[in-house]
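Trainee: Let's see this in three dimensions:
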Amino acid sequence: MKASHGMAIAGAGLVLTLPVLILGIPFLSDDAGFHAVWYTHFSHQLWAGDLYPRWLTGMNGGLGSPVFFFYPPLPYFLTSILRPFFRSDPRGLHQLGVSASLALIASGFFTYLWLKYFVDQAAALAAAILYMAMPYHLAADLYVRGSFAEYWAFVWMPLVLYSRSVFHSPISTWGQACFRGTVGWLGTAHHDAPAGHSYFLSPTLLLRSFTRPEKPKTKDAGRFVRCRDPGCGPICCLLIAGNDHSEICPAG
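Mentor: Model (predicted):
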């Protein structure tokens, strides 16, 4: 990546999220209040020594809440890194705003990383900034809905697509680890994201199988995607259908 392109993506992210950097995530948006309360209790317990705060003991008048027994924790873990730098932010709104800004910049970097695999760097840069500024991504999810966890899911989606490209040509240990890891990160950012993203990822795999002369062996695909991975059902079917020698490997 050219340094100027990296600066352009970072600059665009800072400009697009300037309001939340200054004022914090909008408390009166649809979900920001929930995320602020969850985050403050989560980060407090995390920094107190609870390595994975599933039960938020301080909520509901001390009765607690089981939020993180079912809700993905990754955005809250990442944002908790900011807590020591925001001692005067008891509700966590500025921490969530800074985290959202970092998420937008990261989504631009990962989109650029994915697209420059197919197009020249200038086109990848333009598309990355466009992805960052898309109305649902920026206006709806951040400023209107305050969907903090879903907002972080947009970070991992282009990285999943990039790792799929690495996996497809050629199959490599890095590609396998990256794809499995990014799908896992996507699932730990937002619970619905892997299932929804698979409907976009599966057609790209099918299209790629027709456009590339060399196809990965099914036994390698079986090692790569296990049936217990999120959203892998359509992917497995397409990988098997796209190979000449259908040899179903048992999931480990």
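Trainee: what's downstream of the helix or strand hosting residue 155, the next helix or strand?
Mentor: Secondary structure from DSSP states H and E places residue 155 in helix 148-168. Using DSSP H and E, the helix or strand that follows helix 148-168 in sequence is helix 173-189.
Trainee: and the angle from that next one to helix 148-168?
Mentor: Angle, helix 173-189 to helix 148-168, by axes from the mean of the first three to the mean of the last three CA atoms, to 10 degrees: 160 degrees.
Trainee: Could you name the helices and strands sitting against helix 173-189?
Mentor: helix 74-80, helix 148-168, helix 193-211, helix 218-224 (3 or more CB pairs under 8 Å, 6 or more residues apart in numbering; DSSP states H and E). C-beta coordinates here come from the backbone N, C-alpha and C atoms, glycine included.
Trainee: Residue 17: neighbouring residues, count only.
Mentor: Here the number of neighbours of residue 17 (other CB atoms under 10 Å) works out to 23.
Trainee: Oh, that last question was meant for residue 14, not what I typed.
Mentor: Residue 14, neighbours per other CB under 10 Å, totals 14.
Trainee: Equivalent analysis for residue 23, please.
Mentor: Residue 23, neighbours per other CB under 10 Å, totals 12.
Trainee: Distance from the helix holding residue 155 to the middle of the chain?
Mentor: 6 Å (CA atoms, centre = their mean, to the nearest Å).
Trainee: Now do the same for it: mean pLDDT, whole number.
Mentor: Throughout helix 148-168, pLDDT has a mean value of 82.
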